[in-house]
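*Asks:* Quick one: sequence and predicted model below, then my questions.
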Number of protein chains: 4
Amino acid sequence: VTTVDPLEEKHGVEIDEARSARAETRRPTAKQLEDILFTPLRVLDHGFVRVVDYMGDDAAVVQAARVSYGKGTRKLNEDRGLIRYLLRNRHTTPFEMAEIKFHIKLPIFVARQWIRHRTANVNEYSARYSILDREFYLPARKHLAAQSTQNRQGRSTLLTDDESRSVLDLLRRDAERAYDGYIELLNEDDTGAQIDRNRTGLARELARINLSLGFYTQWYWKIDLHNLLHFLRLRADTHAQYEIRAYAEQILSIVKLWVPLTYEAFDEYILGAVSLSRTGLRVVCRLLNGEKVDQPSSGLSQREWDELITVLGMNR
Amino acid sequence: VTTVDPLEEKHGVEIDEARSARAETRRPTAKQLEDILFTPLRVLDHGFVRVVDYMGDDAAVVQAARVSYGKGTRKLNEDRGLIRYLLRNRHTTPFEMAEIKFHIKLPIFVARQWIRHRTANVNEYSARYSILDREFYLPARKHLAAQSTQNRQGRSTLLTDDESRSVLDLLRRDAERAYDGYIELLNEDDTGAQIDRNRTGLARELARINLSLGFYTQWYWKIDLHNLLHFLRLRADTHAQYEIRAYAEQILSIVKLWVPLTYEAFDEYILGAVSLSRTGLRVVCRLLNGEKVDQPSSGLSQREWDELITVLGMNR
Amino acid sequence: VTTVDPLEEKHGVEIDEARSARAETRRPTAKQLEDILFTPLRVLDHGFVRVVDYMGDDAAVVQAARVSYGKGTRKLNEDRGLIRYLLRNRHTTPFEMAEIKFHIKLPIFVARQWIRHRTANVNEYSARYSILDREFYLPARKHLAAQSTQNRQGRSTLLTDDESRSVLDLLRRDAERAYDGYIELLNEDDTGAQIDRNRTGLARELARINLSLGFYTQWYWKIDLHNLLHFLRLRADTHAQYEIRAYAEQILSIVKLWVPLTYEAFDEYILGAVSLSRTGLRVVCRLLNGEKVDQPSSGLSQREWDELITVLGMNR
Amino acid sequence: VTTVDPLEEKHGVEIDEARSARAETRRPTAKQLEDILFTPLRVLDHGFVRVVDYMGDDAAVVQAARVSYGKGTRKLNEDRGLIRYLLRNRHTTPFEMAEIKFHIKLPIFVARQWIRHRTANVNEYSARYSILDREFYLPARKHLAAQSTQNRQGRSTLLTDDESRSVLDLLRRDAERAYDGYIELLNEDDTGAQIDRNRTGLARELARINLSLGFYTQWYWKIDLHNLLHFLRLRADTHAQYEIRAYAEQILSIVKLWVPLTYEAFDEYILGAVSLSRTGLRVVCRLLNGEKVDQPSSGLSQREWDELITVLGMNR
């Protein structure tokens, strides 16, 4: 967890105020999460994730599971064991009983992927009402890579230093121009003050279309623990685009603080797990039985065979 | 808010423990809701509603709205005004940013109506695992009414005392028998101890089918404020079946403690509001213009005409 | 696919009419599904599943996937391969593009489990408006089993013939009594005609609470293919209660007719698949590497070890 | 309904093929909708909406409602009356029983508003896999307006001809530049062919961030009738941004062809309806009673008073 303090001049005071407030509550509290409440944690070049509220913790999951199982399960007394049992057997509803709310700053193209997860609540900064800041994403050099030819949605080899420099120059130049055009269209500066009194600015809801997908937006995002784990499973995966994965990884570190038992079970049964297909399982059984199996006799396609061999650590 | 304390012997100690715990938090707290946290509030003869956790309050709604509106709305400084504006204009997403979790005990037939609201999280006591208590709903006399002939889903005139007595006798007798049969099928008492050592009991998941829809179940139910208001709009309505309405009304009293500004706006713009159809509005305009309008000239069906006249207080 | 023809006197004519109607359409049609459209397929003793409408087929999944992948994937030309790729890699959204609508008759206790799947559309027969039929579920003898002591939610050994007879007698007797009580409360027969002119019947919404969870209800249930597969994964599983599994299996047979390529992939990658945990995978790798591994050295709990050994076919 | 035929060279053939295919089905068909199936209907300068599949029609709504109401409602025989009753009384579930699927081409900023409606299925063209076309939105002159000062999210007076020309020049210039930069980053033309063999192009998922929010994307969008009406209520409203409203209006014309009875009821009870608050209703009753009411004595805020007076046609 890398803390940024203060993230930005403009939010610094508000955040300090929120952090210094204290109240007494009868609700369950998650001590380690309280420590970072409201603190923006840096992601990418201008983004952040910060927790602004939460409800429940590992105990909330256990409590909900116990209602379902009722008297009959009084003996399942160990919380850790119960949480592992639930996750292992895909008993997902108890994990819906804990909830977390984030304030997130992220590039628009990341927001476009993110919003596809429909089981969350969102309030986004509206550029119909307000003026966006001159803040856009520029990838670090180590993330500038060529299109993968294997995987149609991935990156492969890194660009050379020269190529990277050209790319960044172009991205910066076009983003600056886009923002300049935006301000010219608005005929307002970012405080809302008119620039040229002799002409009328364009409505904000239209002027924004000049901005590119690399500009930062921000939102409040609230989600229950079950759906958050599902989001993380997909977005902390190596197949996810690097930029959204960076957010997912920061959130994973938060989940670890918030619900450590759930995090541990999630790592064991979901993040670190592999699924064997019906045919893949048969191959493993034959191998364990001492049979020789090769791709043609496996019943698997070449691609699935290669993946299986990799997963089993048999590709030397 | 009628408090039951302690609701039941068996839960009394646990609830007292939960209520006496205190922790410090940086989260927003709702003082008046804290006062009744964990306390079961009676509904029907054996049911209850109790708040077991919550996240956010009126300020959470305002905060989320301000993110959406951004800098442009710094002047909308008054929380009450903003909340009223949001509800009046059906800007619903900020109300999704507050969340509440209830522990509810309710008859199965009420649970069946309730669960139709899909945008909530539920963990129900499972009769596959556990044995249900000998607790069933018997309506109070004042709720024993005949089928309405006007409204196919409603009640009309009350039964006579004699008829009521027969109904309650029958309901009680059949419920007792159903439970006796349930226990005989299980061959277990409600502590799980075997009754007759010379025969095998039936699996719980099957034995339960002998119970009737009046028996009580319980669940944890978690929902955001927007969806809760939608639930209350439908279930606190006079067209809702009395038994679920009794729960909705108890929950309304909780909402008033939790988010008083939202409650007030909800009462003004939703609970107390009426919708005029395109034709109904035209009728009102004509009336205000001094025209004589009767049903045939109104363009409304007899039923809609009657309803409009009632709503406008013109039926004397 | 076991067909029931005609399922019931009362629906026979309507169903025949619907089946005999024909129209021309430009929409994709699924020939094999058309053949059984509207035909009730028997489940349990009085239940059924029948398809009443559908939208799309395997080609709809492919078409939606191709929109996502756009020009870049023109080469992924083989539908079967693409569908397998999608399911294997959990690209679930294209499967949301096909939809199916069922008319289902099922016992209330099954309906209560079923409705927990929230991502579907439901219209249930309402006992607030209408009178339920004298139809209740009686398990076949081969499904009357004792409570499992291993698995707190399952069944184990079958009851003896004598025990089964007692169970069925009790279930039948109590269901008959419950229905008799229901009719007495209503003071209406199942055609809605008043029985005793000298007393007032109880409103339907109240009288129904005398019925038990074994009585049949019915509903229209509409769901997209992705969510249907999720439902089937959970409910066609051996851990699901037998009675809902019987419905899931009948629906599986329908899915096979409707979207054969998707069904095949679902069987390979979901139904027949196993998930190895992070530790479980490590155990498999060690075994394949020729190491001796036993439970204590595996890092797995006894239960997980036993399950792994069973899955790998190593428990002789 | 303005038809575009053929919409574009590249899709023309495919669409003609789909349109010419015919099959026999037992499913309900909507004759008037079949006539425009697959035909792209123009929206904005390069966008379109075309129906690619559907399930059910007005009769599906009625059929689902009849299941709910069962025998008790055999007399409610008139479909039109039932549909009006359902919509008027917010019985929404029967409208979930019809479904429609669109292929839509729309600017990214419109897609960003649209996707906030979570109860739909979406497959979007992915710029991680594929290359976007050089197509961007340029508003027609009559839609170039200044920021409203009344309504923080709206437009007010039109720009002058000179101002409009400058705006369009700027928007076009920046969009062209953004696309040029995109292609330079990719080092591929829009057929995927490499441009400069001496350097490596940037991965597609990164290059796309240079494009602006006015560029067109496309998706398959599938939704049930109830949720579609909700979408239309919000997006065909005068408060919606013009560009998304243009799509909503085109879709409204499709709904009218598809489910004419539902459309008519929707227009009467939702689109043309007004909601009177508790206090607003009291004002109307007082006025009808012959009382003099002005804003101070009304209990309404100045803004609500003005709106009420306007709605009632009393502001002359």
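*Replies:* Alright, I've got the coordinates.
*Asks:* use CA for all of it now, contacts and neighbours both
*Replies:* OK.
*Asks:* For chain C, see how far away residue A:112 is.
*Replies:* Residue A:112 sits 14 Å away from chain C when distances are taken as C-alpha to the nearest C-alpha, to the nearest Å.
*Asks:* brain fart, residue A:217
*Replies:* Look at residue A:217 and chain C: by C-alpha to the nearest C-alpha, they are 24 Å apart.
*Asks:* For that residue, give me phi and psi.
*Replies:* Torsion angles at residue A:217 (phi, psi; degrees, to the nearest 10) stand at phi -120, psi -180.
*Asks:* where exactly do the helices run in chain A?
*Replies:* For chain A, helices defined by DSSP state H occupy the ranges A:9-20, A:31-36, A:58-69, A:79-88, A:108-114, A:161-186, A:204-207, A:225-235, A:242-258, A:260-266, A:278-288, A:295-298, A:302-311.
*Asks:* Next, the contact list for the closest residue to residue A:239 other than its chain neighbours, please.
*Replies:* Distances taken as C-alpha to C-alpha, 6 or more residues apart in numbering or on different chains put residue A:154 closest to residue A:239, at 7.2 Å, once the chain neighbours are dropped. Contact partners of residue A:154, counting by C-alpha atoms under 8 Å, 6 or more residues apart in numbering or on different chains, are A:147-148, A:239, A:241, D:128, D:203, D:205.
*Asks:* give me that answer again for 10 Å
*Replies:* For residue A:154, the contact set (C-alpha atoms under 10 Å, 6 or more residues apart in numbering or on different chains) comprises A:145-148, A:238-242, D:128-129, D:203-206.
*Asks:* quick one: contacts for whichever residue of the stretch 51-200 of chain A sits closest to chain D?
*Replies:* Residue nearest to chain D within the stretch 51-200 of chain A (C-alpha to the nearest C-alpha): residue A:147, separated by 3.7 Å. Residue A:147 makes contact with A:153-158, D:128-129, D:186, D:200-207 under the criterion C-alpha under 10 Å, 6+ apart.
*Asks:* How about residue A:171?
*Replies:* Under the contact definition (C-alpha under 10 Å, 6+ apart), the residues listed for residue A:171 are A:136-139, A:165, A:177, A:214, D:178, D:181-182, D:185, D:207, D:209-210.
*Asks:* Can you give me the pLDDT of it?
*Replies:* Looking at residue A:171, its pLDDT reads 98.
*Asks:* Same question for residue A:66.
*Replies:* Residue A:66 is assigned a predicted lDDT (pLDDT) of 86.
*Asks:* next one: residue A:228
*Replies:* With respect to pLDDT, residue A:228 scores 98.
*Asks:* got it, and residue A:191?
*Replies:* At residue A:191, the pLDDT value in this model is 80.
*Asks:* With residue A:71 instead?
*Replies:* Each residue has a pLDDT score; the one for residue A:71 is 46.
*Asks:* Next: the one 3 residues further on.
*Replies:* Predicted confidence (pLDDT) at residue A:74: the value is 44.
*Asks:* chain center to stretch A:25-33, what's the gap?
*Replies:* Remark: stretch A:25-33 is offset 24 Å from the chain centroid, using C-alpha atoms, centre = their mean, to the nearest Å.
*Asks:* same check, this time on stretch A:94-110
*Replies:* Between the mean C-alpha point of stretch A:94-110 and the mean C-alpha point of its chain there is a distance of 8 Å (C-alpha atoms, centre = their mean).
*Asks:* What is the end-to-end distance of that stretch?
*Replies:* The distance separating the two terminal residues of stretch A:94-110, taken as C-alpha to C-alpha, to the nearest Å, comes to 29 Å.
*Asks:* Looking at it now, give me its mean pLDDT.
*Replies:* When pLDDT is averaged along stretch A:94-110, the result is 97.
*Asks:* Repeat that for stretch A:17-35.
*Replies:* Stretch A:17-35 carries an average pLDDT of 91.
*Asks:* How about it and chain B, any contact?
*Replies:* Yes: looking at stretch A:17-35 against chain B by C-alpha under 10 Å from any C-alpha of the partner chain, the contacts come from A:18-31, A:34-35.
*Asks:* What is the neighbour count of the closest residue to residue A:190 other than its chain neighbours?
*Replies:* Closest residue to residue A:190 in three dimensions, ignoring its sequence neighbours and counting by C-alpha to C-alpha, 6+ apart: residue A:131, at 6.0 Å. When counting by other C-alpha atoms under 10 Å in any protein chain shown, one arrives at 25 neighbours for residue A:131.
*Asks:* for residue A:67, same thing?
*Replies:* Residue A:67 sits with 20 neighbouring residues when counted by other C-alpha under 10 Å.
*Asks:* and it, what does it touch?
*Replies:* For residue A:67, the set of contacting residues under the criterion of C-alpha under 10 Å, 6+ apart consists of A:73, A:94, B:103, B:123-126, B:130, B:218-220.
*Asks:* swap in residue A:113?
*Replies:* Under the criterion of C-alpha under 10 Å, 6+ apart, the contact list for residue A:113 reads A:235, A:240-241, A:244.
*Asks:* what's the distance between the residue sitting furthest away from the middle of chain A and residue D:129?
*Replies:* Distance to the chain centre peaks in chain A at residue A:198, reaching 45.5 Å (criterion: C-alpha atoms, centre = their mean). In this structure, residue A:198 and residue D:129 are separated by 46 Å, where distance is defined by C-alpha to C-alpha.
*Asks:* So which residues on the stretch 151-300 of chain A come close to chain B?
*Replies:* Near chain B, the residues belonging to the stretch 151-300 of chain A are A:190-192, A:218-224 when assessed by C-alpha under 10 Å from any C-alpha.
*Asks:* what's the closest of the residues you listed to chain D?
*Replies:* In terms of C-alpha to the nearest C-alpha, no member of these lies closer to chain D than residue A:192, at 11.3 Å.
*Asks:* pretty sure that closest one contacts residue A:133?
*Replies:* No: with contact defined as C-alpha atoms under 10 Å, residue A:192 does not reach residue A:133; the gap is 11.6 Å.
*Asks:* so residue A:172 sits right up against residue A:138, yeah?
*Replies:* Yes: taking contact to mean C-alpha under 10 Å, the distance of 7.2 Å between residue A:172 and residue A:138 places them in contact.
*Asks:* okay, the two: which has more neighbours?
*Replies:* Neighbours per residue (other C-alpha under 10 Å) separate residue A:172 from residue A:138, with residue A:138 holding more: 22 against 16.
*Asks:* can you pull the contacts of the more buried one?
*Replies:* A:44-46, A:107, A:144, A:167-169, A:171-172, A:175, A:214-215, D:206, D:209.
*Asks:* ok, now residue A:145?
*Replies:* A:154-160, A:163-164, D:200-204, D:206.
*Asks:* quick check, nearest of those residues to chain C?
*Replies:* Proximity of the contacts of residue A:145 to chain C, judged by C-alpha to the nearest C-alpha, is greatest for residue D:204, which lies at 10.5 Å.
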